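Novice: Only the shape, not the letters, is given here:
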Ligand SMILES: [Zn+2]
C-alpha cells in the first residue's frame, strides 16, 4: 500500500496506527460493541485489514480475539443460576443436550431420580405456555389467573423464548393514531386488530398515556359556572354531543 493510500484511509504515514486516529476510535467502539466478533469481522465492517485491527487493539489494551462470553443458565436440577461459556453451550446443544446442570452431583441426582426432579417444579409451566400461546395474555394477567408472581412468569416465558414482542409497525401505527386523532384504547385496538392490553402497553412504553383532549373542557365548565346553562344548551352552543358534555361536567364534580 502506498503512503498516499494510507493517508486517504486515515492512517498515520509511519505505518503504525495511532489511538488518536478517528479510524482507531471506530475500531475500539466496534470492539466494545461486538465482543464476540473476530478481528477479521471487525475489519470487514470498517473496510480495514485484520492486521490493522489487531495493532490498534493491542495499543489500546483491548482483547484481540473474539471473547467467549459467559451466559447465564438455570440449573435444571436445583434451579440455581450459573454461568457457562457460550462456545461450550453451543457445543453441548449441537450434541443434543437439552438440560443443563450446575455440577455433576446435581446432574446425577436428577438423572437417577427423574420423578423427584419433576416434582420440583413449583408451578404448572404448561398452563403458562398455553395461556401465552393461545390467548397471548400478558404476564400480569397470567399471574392473576394462576396465582403466580408476575416476575416468575416473565422469567419462565423468557426462558422459553415466548416474550411478547409487538411488531414495530403496530407500535408506529398506534402512536400515530393516538397523536393525530387522540383515540382511546378501544377504538385503536378495534381499528388495528390488536388486543387492548397490547395497545395500552405500547402507549405506556411510548409515554402517550395522557390523551389529548378533544374538546375544550374549560369552556364547558365556564358556561356551566357563569351562566348555569343546561347540558343540552351547552352542547348546542359548542357543537359537542350531549353525553360528552354531561361526562365532562360529571368529571369536574368528582374532582
Ligand atoms: Zn443444580
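Specialist: Cool, the structure landed. Just so it is clear, the structure is predicted and the values come from calculations on it, not from any experiment.
Novice: helices and strands around the helix or strand hosting residue 201, which ones?
Specialist: According to DSSP states H and E, residue 201 maps onto helix 196-205. The contact analysis (3 or more C-beta pairs under 8 Å, 6 or more residues apart in numbering; DSSP states H and E) places helix 196-205 against helix 168-181, helix 185-192. C-beta coordinates here come from the backbone N, C-alpha and C atoms, glycine included.
Novice: outside of the helix or strand just after it, which residues touch it?
Specialist: Next along the chain after helix 196-205, taking DSSP H and E as the criterion, comes helix 217-222. For helix 217-222, contacts defined as C-beta atoms under 8 Å, 6 or more residues apart in numbering pick out 234, 238, 240, 245, 248-249, 251-252.
Novice: Quick one, which of these are buried?
Specialist: The neighbour count (16 or more other C-beta atoms under 10 Å) marks 234, 240, 245, 248-249 as buried among those.
Novice: Can you spell out the domain ranges of this protein, please?
Specialist: Domain assignment for the chain by automatic domain parsing gives 3-59, 69-121, 124-164, 168-205, 217-254.
Novice: would you list these in TSV and tack on distance to the ion and mean pLDDT?
Specialist: TSV is the format used below for those (distance: least, C-beta to the ion, whole Å; pLDDT from 0 to 100):
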stretch	distance to the ion	mean pLDDT
domain 3-59	27	75
domain 69-121	3	79
domain 124-164	15	82
domain 168-205	35	78
domain 217-254	55	82
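Novice: still on that earlier bit, and for the helix holding residue 201, what's in contact with it?
Specialist: Counting by C-beta under 8 Å, 6+ apart, residues outside helix 196-205 touching it are 137-138, 141, 164, 166, 170-171, 174-175, 178, 185-186, 188-189, 192, 209.
Novice: same thing but at 6 Å, please
Specialist: Identification of contacts with helix 196-205 by C-beta atoms under 6 Å, 6 or more residues apart in numbering yields 138, 166, 171, 174, 185, 188-189, 209.
Novice: Run the angle between that helix and helix 168-181 for me.
Specialist: 70 degrees (axes from the mean of the first three to the mean of the last three C-alpha atoms, to 10 degrees).
Novice: What residues of helix 196-205 count as buried?
Specialist: 197-203.
Novice: could you measure residue 111 against residue 77, distance?
Specialist: 9 Å (C-beta to C-beta, to the nearest Å).
Novice: Compare the two and say which is more crowded by neighbours.
Specialist: residue 77 (22 against 12; other C-beta atoms under 10 Å).
Novice: For my notes, confirm that one occurs in a helix.
Specialist: No. The assignment for residue 77, made by DSSP: H, G, I helix; E, B strand; the rest coil, is coil rather than a helix.
Novice: can you pull the contacts of it?
Specialist: Listed by C-beta under 6 Å, 6+ apart, the contact set of residue 77 reads 101, 106, 110.
Novice: got it, and residue 155?
Specialist: Applying C-beta under 6 Å, 6+ apart, no residues qualify as near residue 155.
Novice: neighbours around residue 63, how many?
Specialist: 11.
Novice: Residue 124 now?
Specialist: As a burial measure, residue 124 scores 11 neighbours (other C-beta under 10 Å).
Novice: what's the spacing between the closest residue in space to it that isn't next to it in sequence and residue 152?
Specialist: Leaving aside its chain neighbours, residue 124 sits nearest to residue 146 (7.0 Å; criterion: C-beta to C-beta, 6 or more residues apart in numbering). Look at residue 146 and residue 152: by C-beta to C-beta, they are 10 Å apart.
Novice: Neighbours of residue 156, how many?
Specialist: Counted with other C-beta under 10 Å, the neighbours of residue 156 add up to 20.
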